[in-house]
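Colleague: Structure, please.
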Amino acid sequence: MNAPPRLLLALLLLAAPAAARANSLPPSFQALAARVMPAVVSIAAMAPAPAKSGQKNHDGTNNNDDSTATPAAGTVLPPPKTIESLGSGFVFSPAGYILTNNHVVKDADTVMVTFPDGTVYPAHIAGRDVAADLAVLKISAGHKLPYVRFGDSEKLRVGDWVLAIGNPFGLAGTSTAGIVSALHRQIGDTKYDDFIQTDAAINRGNSGGPLFNMAGQVIGVNSAIYAPNGTSDGVGFAIPAAMAKPVAEALAHDGIMRRGWLGLSTEDVTPDMARLFHTPAQAGALIGAVSPQGPSAKLLRPGDVVLSLAGRKIANPRALTIRTAEIPAGQRVKLVFWRHGARHDIRIDIAPPPAALDETMRAKEQAGPPPVLLPAVGLSLDAKPTPEGVRVLSVTGVAAKAGITAGDVIGQVNGEIVANAPALQAKLAALAKSKAPAAVLLVQGATSMGVNPGPRWVPLPLTPPAPKPQPQLPARSKH
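Modeller: Residues are numbered from 1 along each chain as shown. Just a heads-up that it's a prediction; the model follows:
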């Protein structure tokens, strides 16, 4: 018998919320964990413990130099002390190459790898990359090993589901799930911090283990936690696959990661710079200087804005530094930049950095003609030009407020090179005559204590601010 229409409608209304709740539940990770687990390993690294001066030995003597002391006849000596570090890793090549964190195997003289089925192999360190805190181990199993592939961490978005597998507290094969909490985190851990933040539980022993996406691809290497209480607080960090994959491959093949270098000094694109250089947005890395010995020489110049490198968008100067560090030296890649209101594409060779970069290029201070004075903006300029531009001798007023300091060198005004002080003076005078509100100077900071701060773009106001209107007092009535 058919249900009355009103009853059928009521049943549908009751079923709808239940269906919505079912669709909102998180997915099951059972199939994913079963598929990738065989390639995740536990790592035990043993390193000799340093002897502590003054520490008592088992026989009650001082441990000042027991490594060279000759024991008395019949003395029973304890075994050498070692420090064991427990961590995680994963097989990324069936030939037996395993990726982990460098800090897991730091100073180790013995490394043992245990697979989920209980099989244990001795491993040797094939290569380290201290700058990225990564290391590759090699084992000889005599057969192909289960392995996992890297994914594209650039496709991650905040809120995506992720699965972490590792060896926390020695509990091998532990799986935890969560979401991507944030991207591009800098925590001061490595030179190339660009971490994925996740709330998947990560604890001591998870270091070096994989962070998977829902396709079973490694999109991160679990490396650090924020743990004010010593355990997981739902804030874990993973090295993205964009960095880990090229490092893993380089260490496996060559034993070393030879990073590339562009020979550029860059800075953020501010609103003033975006207007000056007619960029489509405030994204990218604004070039302040190009090394004449670098791969970018004759291809790029100050004022260009790098928009992408090797297919990855560049949001800011740090993104360019990270992306360059992800590319091994020797590769030829595509670079997209903005110049004079137009987009340009070039192919550029990622070269190894020179053995020593001379960052102290200072012109010798010698007596010369009197300085060129620009009182309207508060600048005193050296009349003798340097190879980089015009040296600032003293600063007051408007220039001082803009951030220019004595010893700085001005190389460009509004994107045009100025070779000497008179040329700079004439350029500023012409801009002031045209009622331009400001001139944008390319300023090279003065080297101090051997440190060169690099070039920067400085807006210099040319039009004095209008005086504030004075409040008019009411006229007094005469009595």
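
Colleague: pLDDT score for Asn316?
Modeller: In this prediction, Asn316 carries a pLDDT score of 93.

Colleague: What are the boundaries of the strands in the stretch 101-250 of the chain?
Modeller: 110-114, 120-129, 134-138, 161-166, 174-185, 195-198, 210-212, 218-225, 236-240 (DSSP state E, counting those that start in this stretch).

Colleague: Please identify the most buried of those.
Modeller: The highest average neighbour count among the strands of the stretch 101-250 of the chain, using mean count of other Cβ atoms under 10 Å, belongs to strand 210-212 at a mean of 31. For every residue, glycine as well, the C-beta is placed using N, CA and C.

Colleague: What's the mean pLDDT across that one?
Modeller: Mean pLDDT, strand 210-212: 98.

Colleague: thinking again about what came up before, of all the strands of the stretch 101-250 of the chain, which lies closest to Ala49?
Modeller: strand 110-114 (13.0 Å; Cβ to Cβ).

Colleague: relative orientation of the closest one and strand 134-138 in degrees?
Modeller: 80 degrees (axes from the mean of the first three to the mean of the last three Cα atoms, to 10 degrees).

Colleague: Sheet partners, orientation included, of strand 110-114?
Modeller: strand 40-48 (antiparallel), strand 120-129 (antiparallel) (DSSP bridges).

Colleague: one step back: present the strands of the stretch 101-250 of the chain as a markdown table; the columns should include distance to Phe277.
Modeller: Shown next, in a markdown table, are the strands of the stretch 101-250 of the chain (distance: least, Cβ to Cβ, whole Å):
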| stretch | distance to Phe277 |
| --- | --- |
| strand 110-114 | 52 |
| strand 120-129 | 36 |
| strand 134-138 | 37 |
| strand 161-166 | 39 |
| strand 174-185 | 25 |
| strand 195-198 | 32 |
| strand 210-212 | 39 |
| strand 218-225 | 35 |
| strand 236-240 | 30 |
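
Colleague: In a markdown table: the strands paired with strand 110-114, plus mean pLDDT and distance to Pro317.
Modeller: Listed next are the strands paired with strand 110-114 as a markdown table, based on pLDDT from 0 to 100; distance: least, Cβ to Cβ, whole Å:
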| stretch | mean pLDDT | distance to Pro317 |
| --- | --- | --- |
| strand 40-48 | 91 | 36 |
| strand 120-129 | 94 | 22 |
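
Colleague: May I see those strands arranged in JSON lines, with distance to Gly87 as well?
Modeller: Shown next, in JSON lines, are these (distance: least, Cβ to Cβ, whole Å):
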{"stretch": "strand 40-48", "distance to Gly87": "5"}
{"stretch": "strand 120-129", "distance to Gly87": "12"}
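
Colleague: Of all those, which one is nearest Arg259?
Modeller: strand 120-129 (8.9 Å).

Colleague: How far away from the center of its chain is that closest one?
Modeller: 26 Å (Cα atoms, centre = their mean, to the nearest Å).

Colleague: which residues does Leu373 contact?
Modeller: Taking Cβ atoms under 8 Å, 6 or more residues apart in numbering as the criterion, Leu373 is in contact with 379-381.

Colleague: now swap in Ser93 and tell me
Modeller: Contacts for Ser93 (Cβ under 8 Å, 6+ apart) come out as 147, 252.

Colleague: Enumerate every residue touching the spatially closest residue to Val221 that is not a sequence neighbour.
Modeller: Distances taken as Cβ to Cβ, 6 or more residues apart in numbering place Ile239 nearest to Val221, at 4.4 Å, with adjacent residues excluded. By Cβ under 8 Å, 6+ apart, the contact set of Ile239 is 132-134, 190, 194-196, 220-221, 223.

Colleague: how about 10 Å then?
Modeller: Contact analysis of Ile239 by Cβ atoms under 10 Å, 6 or more residues apart in numbering lists 99, 101, 132-134, 153, 189-190, 192-196, 208, 211, 220-224, 247.

Colleague: try Thr266
Modeller: For Thr266, counting by Cβ under 10 Å, 6+ apart, the contacting residues are 284-289, 302, 304-306, 314, 316-318, 320-321, 454-455.

Colleague: Any of these buried? List them.
Modeller: Among the contacts of Thr266, those classed as buried by 16 or more other Cβ atoms under 10 Å are 284-289, 302, 304-306, 314, 316-318, 320-321, 455.

Colleague: can you list the domains in the chain?
Modeller: Domain assignment for the chain by automatic domain parsing gives 153-242, 264-349, 372-461.
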